[in-house]
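Novice: need coordinates for the following:
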Amino acid sequence: EVQLQASGGGLVQAGGSLRLSCAASGFTLDGYSIGWFRQAPKREREGISYIISRDASTYYEDSVKGRFTISSDNAKNTVYLQMNSLKPEDTGVYYCTAGRYASPAYYPQDFWGQGTQVTVSS
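Specialist: Presented below is the predicted three-dimensional model:
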């Protein structure tokens, strides 16, 4: 059974950092792309970053570029999202996803994990 377990969320002050983890089970990361989405209160869910495990290429939306870093540890079958210089507008539920295909126009979303809450106080 394919499962994605997101963790690492919490409450942090503006300017602080958090590292989210996405542990995959039931499949190996190699050959898949892993994405991160977030949903802020009263806003639509949006993709913010993804990594293509095959070649470790990454993509970031402008809203997080330069502050967030996505990485993959294939030996641990886990993807990380290091979030620095957090802003109140980064508040939301963060989801990790997996899929065979990824592009800026279509984030990987064949499989979804449960969300982890990130709250950034001002």
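Novice: from now on I want contacts and neighbour counts done on CA atoms only, so please keep to that.
Specialist: Fine.
Novice: beta partners of the residue nearest the centre of the chain?
Specialist: What sits nearest the mean C-alpha location of the chain, by CA atoms, centre = their mean, is Trp36, with 2.7 Å. Beta bridges link Trp36 to Ser49, Cys96, judged by DSSP bridges.
Novice: how much space separates it from Asp110?
Specialist: Computed as CA to CA, to the nearest Å, the Trp36 to Asp110 distance reads 13 Å.
Novice: what is in contact with those two at once?
Specialist: Common neighbours of Trp36 and Asp110, using CA atoms under 8 Å, 6 or more residues apart in numbering, are Thr97.
Novice: would you mind measuring from the closest residue to Gly115 other than its chain neighbours to Tyr101?
Specialist: With CA to CA, 6 or more residues apart in numbering as the criterion, Gly115 has its nearest non-adjacent residue at 4.5 Å, and that residue is Tyr95. Distance, Tyr95 to Tyr101, using CA to CA: 17 Å.
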